[in-house]
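**Q** Below: sequence and its predicted model.
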Amino acid sequence: MEMRWTAVNLALAEFQSFLSPGVPKLSIQAATDRDWTQEQYRAQCATGIFDQRGVYLLFDRNGALQYVGVAMRCFHDRIWSHDDWIQRRWIDVIAFPDTCYFLGPALEFFLIARLHPPRNTQYRDYEIPTRSVEQTPACDVAVRAAHEG
């Protein structure tokens, strides 16, 4: 695990705890590094990572999260649009399976509200009450009761 992902992983685990147990575990994947050679970048493109959709994270050279965005069609269509105004080193992604990509905007909102990246201007003034991952959301209790009853 990359050190720059520590705070994001904590928030991601909390977000995941709100979701139905049927939603696959979400994880961060390294997408690009400005220090890569063209050959390394082409190899990464061949993996298909940029054809997925979900939430993307822009980090500066110090590993500080600068911006959180969402790509509803594919990462390739969105992630490069910020290079003119954000000095970034890494772009990392949290890809969603096609069956639940609609959760992407909720995760984007959650991460911005929880982590306050300095280059995001929307959602920064919102607060989401903190809770531990161990707490069982009421919606999970209702879903389990419906399946058991």
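**A** Okay, I see it.
**Q** The protein: helices as residue ranges?
**A** Using DSSP state H, the helices of the chain run over residues 6-17, 38-46, 75-78, 104-115, 138-148.
**Q** so which of those helices gets nearest residue 126?
**A** helix 104-115 (4.4 Å; CB to CB). C-betas here are computed from N, CA, C, even on glycine.
**Q** What is that closest one packed up against?
**A** helix 6-17, strand 53-59, strand 65-71 (3 or more CB pairs under 8 Å, 6 or more residues apart in numbering; DSSP states H and E).
**Q** ok, the closest residue to residue 73 other than its chain neighbours - contacts?
**A** Nearest non-adjacent residue to residue 73, counting by CB to CB, 6 or more residues apart in numbering: residue 53, 6.1 Å away. Neighbouring residues of residue 53 by CB atoms under 8 Å, 6 or more residues apart in numbering: 71-75, 95-96, 101, 104.
**Q** ok, the residue lying closest to residue 36 once chain neighbours are set aside to residue 50 distance?
**A** Of all residues not flanking residue 36 in the chain, residue 44 sits nearest, at 7.5 Å (CB to CB, 6+ apart). Separation of residue 44 from residue 50 (CB to CB, to the nearest Å): 8 Å.
**Q** Between the two, which has more neighbouring residues?
**A** residue 50 (22 against 16; other CB atoms under 10 Å).
**Q** In this structure the more buried one contacts residue 73, no?
**A** No - using CB atoms under 8 Å, residue 50 makes no contact with residue 73, being 11.1 Å away.
**Q** Give me the pLDDT for residue 30.
**A** In this model, residue 30 is scored at 95, pLDDT.
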